[in-house]
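*Asks:* pasted the sequence and its predicted model underneath.
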Amino acid sequence: MGVDVEPLSPLPEGVERYIHTDMEHSLLEQSGLPQRLIFSAKECLYKCYYPLLTRYFGFQSVSLAFDIKNQTFCFKPNVDCEIEFPVELSFYGHFQTSDTHLFTAGYLLRN
């Protein structure tokens, strides 16, 4: 399981270029979702997989897809990702906001 809590304030200037893919950046601009959502969701994903993989993977190596209505997200490795994610596991992510914070949680289930 991976959990992350972030303030709703913007990321420090320039940090998003290390986190967001172009598609994710466009999604944030069009949807009005909190800027830190991509960072928090990828932190959550990393916390789920790192204990199993014991390998670092950069946030640019995966892309997120969001279901805004249901406040869920999933991911796919990008073409240049060097990590082999276990095919027998599926990742499920959820997000929610309060007046001041963003909460993300994710978990892995065996297929």
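*Replies:* Structure received.
*Asks:* from what I can see Leu37 touches Gln96, true?
*Replies:* No. Look at Leu37 against Gln96 with CB atoms under 8 Å: they stay out of range, at 10.6 Å. The C-beta positions use only the backbone N, C-alpha and C, and glycine is treated the same way.
*Asks:* quick one, which of those two is more surrounded?
*Replies:* Higher neighbour count among Leu37 and Gln96: Leu37, with 23 against 10, using other CB atoms under 10 Å.
*Asks:* buried residues in the longest helix along the chain?
*Replies:* The residue-count maximum for a helix in the chain (DSSP state H) belongs to helix 37-53. Across helix 37-53, burial judged by 16 or more other CB atoms under 10 Å covers 37-49.
*Asks:* out of these, who's nearest Lys69?
*Replies:* Set against Lys69, the nearest of those by CB to CB is Leu37 (14.7 Å).
*Asks:* next, Leu108: secondary structure please.
*Replies:* At Leu108 the chain is in strand, as set by DSSP: H, G, I helix; E, B strand; the rest coil.
*Asks:* and the pLDDT for it?
*Replies:* Leu108 is assigned a pLDDT of 98 by the prediction.
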